[in-house]
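Participant: Any chance you can model this:
(one chain, ligands or ions: 2)
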Amino acid sequence: MESKAQKANNDIKALLKARNTLLWVTTREEFRVEQAIIMAAGQAKYPTFFWDCASGMQNMEYEIIDAGRQATDPTEVLKWIRDKGDRGVYVMRDLHKWFDPQTLRTLRNLARGFQGGSPDKAKTLLILSPSSDVPPELAGHVTMLEYPLPERDEIARILNNIVEATNAAIEKDNADPERQEKRKKESLVLSDEKRDAAIDAALGLTSEEAANCYAKSLVTAKEIDPAIVSTEKKRVVAREKVLTWIDPDPRGLEGIGGLAPLKAWLSKRKSAFSTSAKEFGLPAPKGVLLAGVPGCGKSLTAKCIASAWGVPLLRLDFGALRDKFVGESERKIRNAFQLAESVAPCVLWADEIEKSLGGSDGPQGDGGVSGDALGTFLTWMQDHTAPVFVVATANNVAGLPPELLRKGRFDELFWVDLPTKVERMAILKTNLKLVNREVSGLERLVKATEGFTGAEIAAIVPEALFEAFADEKRTLTADDLEKAAATVVPLSKTAAEKITALREWAKTRARPASTPETVTSTSGAGGRMIETDD
Ligand SMILES: Nc1ncnc2c1ncn2[C@@H]1O[C@H](COP(=O)(O)OP(=O)(O)OP(=O)(O)O)[C@@H](O)[C@H]1O
Ligand SMILES: [Mg+2]
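Facilitator: Ligands and ions are numbered 1, 2, ... in the order given. Predicted coordinates:
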């Protein structure tokens, strides 16, 4: 199968053959992409030239060629290309930094002028930039291309090269007569399993970053250790700021008390996430939107899915997307998606999306993420094919733009309500297990925690532990828990109206994340608190 990079190379070749005169290639890997451009341009019978403001004009061998005294001035060099330049692709590094009215005008004139020229003078300007932020003046004239990060086969090559180079060095060292005395070094052997793990661990990195991670592992551990490579990758991902690598909750779905229908739905999706499901023809699940009462396990669920499925968890932080430069937040979000796709399969967790994707009339106010970012998010949700499972959470669902809720974006919208009776017990038990306690006679707590959120139930456990500890470190009892519960004024009392309004909204739009219990009495806020007296 054609890799993404091969496809990008073919696209560049085709664009050159079709005499596109102004291209914009987005990448943060200058060297790798320049090498690819040389290849693609060569196949389209174009030599490649490189320009930057420090070195001036260079040829394919990176030798400086004389472009006159003004070679480091962008407008002047553009004119030089027009008047004196040979047929070729002119890669302009960082040209976007020099955009002023004059440069932009010159570029547009050139792009048009180049179109008519004779084939032996055919020229194309290629702007190479980490940013995809095209100024509006150029928007209609430039063809954009996003160069993909290296995929498995390319990372595998990088790893092979490093292993071979290391072994060659070891062999040379061992052949050294002075080494005869000393112990000979063993050459590096990677089992298939370790090789695969090391490649997986470096996916999502640029080729240079991958090579650096392998080199670091060789220096620190004298071998290729996938664990060291993943630690390094976490550091690289952290630099992106928009994405954070989160350690998932190791308990898996067991860490969630209640929410049985949601868990069942997720378990079914797990198998659809595998390679065999893909081969079978199942589309990779896109994601789930969890809306609901605060503190009832939405964020917890996101953290548990990743461990249940055994895939990495990345958190998308829309707050970090805010940027005073128009278009920058869009670039950041695209970078984040590109990175997430290369880490795939993974879970991408977008927490509290209503706060950032509230749309133009949403509550985010000034400095919020622009409508463009929302558009980018929606398009990507719809189009991406890599197995990136998005878990989005929201409290104030009414603030969400309707586009987000339309079919085709998320596979399902779940409503996470206050826990039912059975669920309250389950949450209490899960949280007691977390502190290695077993308490008998818990039945009373079901009544004592009526109207509590999951977070409120979880909080009574440490509170009760304090009591037991203060009282000569005795065994924790249901009494302690009951006392702790009595001091809580639940959110469902203080914010009853708000919760009722949220429920009203959810009734017709979302699928309940809990199993409803047979109604015999109602209590708590809003009247949907369903209880059984069994
Ligand atoms: N269903 C549950 N099972 C076990 N623990 C729970 C559950 N719901 C809540 N908790 C406890 O409450 C804490 C807070 O829950 P969580 O952060 O998932 O709430 P949330 O729904 O994301 O709330 P918010 O809308 O305020 O972000 C969890 O870390 C966990 O300790
Ligand atoms: Mg949360």
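Participant: tell me the contacts of the residue of the chain found nearest ligand 1?
Facilitator: In the chain, no residue comes nearer to ligand 1 than Gly454, which is 2.2 Å away by Cβ to the nearest ligand atom. Where C-beta positions appear, they are placed from N, C-alpha and C, glycine not excepted. Residues counted as contacts of Gly454 (Cβ atoms under 8 Å, 6 or more residues apart in numbering) are 257-258, 295-297, 300, 419, 423, 427.
Participant: Equivalent analysis for Ala291, please.
Facilitator: By Cβ under 8 Å, 6+ apart, the contact set of Ala291 is 298, 393-395, 397, 400, 413-416, 502, 506, 510.
Participant: With Pro250 instead?
Facilitator: If a contact means Cβ under 8 Å, 6+ apart, then Pro250 has Ser307 as its contacts.
Participant: Got phi/psi on it?
Facilitator: Dihedral pair for Pro250: phi -70, psi -10, per degrees, to the nearest 10.
Participant: got the contacts of Ala291 as TSV, with distance to ligand 1, neighbour count and secondary structure columns?
Facilitator: Formatted as TSV, the contacts of Ala291 follow (distance: Cβ to the nearest ligand atom, whole Å; neighbours: other Cβ atoms under 10 Å; DSSP: H, G, I helix; E, B strand; the rest coil):
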residue	distance to ligand 1	neighbour count	secondary structure
Lys298	3	26	helix
Thr393	6	23	strand
Ala394	8	23	strand
Asn395	5	20	coil
Val397	11	21	helix
Leu400	14	21	coil
Leu413	15	21	strand
Phe414	11	25	strand
Trp415	11	23	strand
Val416	6	28	strand
Leu502	11	22	helix
Ala506	14	21	helix
Ala510	14	21	coil
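Participant: which residues of the stretch 151-300 of the chain score low on pLDDT?
Facilitator: Applying pLDDT under 70 to the stretch 151-300 of the chain flags the ranges 180-182, 240, 275.
Participant: And the helices in it, which stretches?
Facilitator: All helices of the stretch 151-300 of the chain, identified by DSSP state H, counting those that start in this stretch, fall at 152-175, 192-202, 207-221, 226-239, 260-272, 275-280, 298-309.
Participant: which of the residues in the first one are buried?
Facilitator: For helix 152-175, the neighbour count (16 or more other Cβ atoms under 10 Å) marks 154-156, 158-159, 162-163, 166 as buried.
Participant: Over to the third one?
Facilitator: By 16+ other Cβ under 10 Å, the buried positions in helix 207-221 come out as 207, 209-214, 217-218.
Participant: do the fourth one as well
Facilitator: Applying a neighbour-count criterion of 16+ other Cβ under 10 Å, the buried positions in helix 226-239 are 226, 228-230, 232-233, 236-237.
Participant: So which of those residues reach ligand 1?
Facilitator: Near ligand 1, judged by Cβ under 6 Å from any ligand atom, there are no entries from the buried residues of helix 226-239.
Participant: Which residues of the stretch 151-300 of the chain lie near ligand 1?
Facilitator: Residues of the stretch 151-300 of the chain found near ligand 1, taking Cβ under 6 Å from any ligand atom as the criterion, are 256-259, 294-300.
Participant: Tell me what angle the helix or strand containing Pro462 forms with helix 298-309.
Facilitator: Applying DSSP states H and E as the criterion places Pro462 in helix 454-470. Interaxial angle of helix 454-470 relative to helix 298-309 (axes from the mean of the first three to the mean of the last three Cα atoms, to 10 degrees): 90 degrees.
Participant: Give the buried residues for helix 454-470.
Facilitator: 454-461, 464-465, 467-468.
Participant: list the contacts for Lys270?
Facilitator: The contact partners of Lys270, taken as Cβ under 8 Å, 6+ apart, are 308-309.
Participant: ugh, wrong one, I meant Met57
Facilitator: Met57 sits in contact with 49-51, 64-67, 71, 77, 80, where contact means Cβ under 8 Å, 6+ apart.
Participant: Make a ChimeraX selection of whichever of those residues turn out to be buried.
Facilitator: A single ChimeraX command selects the buried members of these (16+ other Cβ under 10 Å):
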select :49,50,51,67,71,77,80
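Participant: Among the contacts of Met57, which one sits closest to Asp120?
Facilitator: Phe49 (15.6 Å; Cβ to Cβ).
Participant: which residues sit in contact with that closest one?
Facilitator: Phe49 sits next to 57-60, 65, 85, 88-91 when contact means Cβ under 8 Å, 6+ apart.
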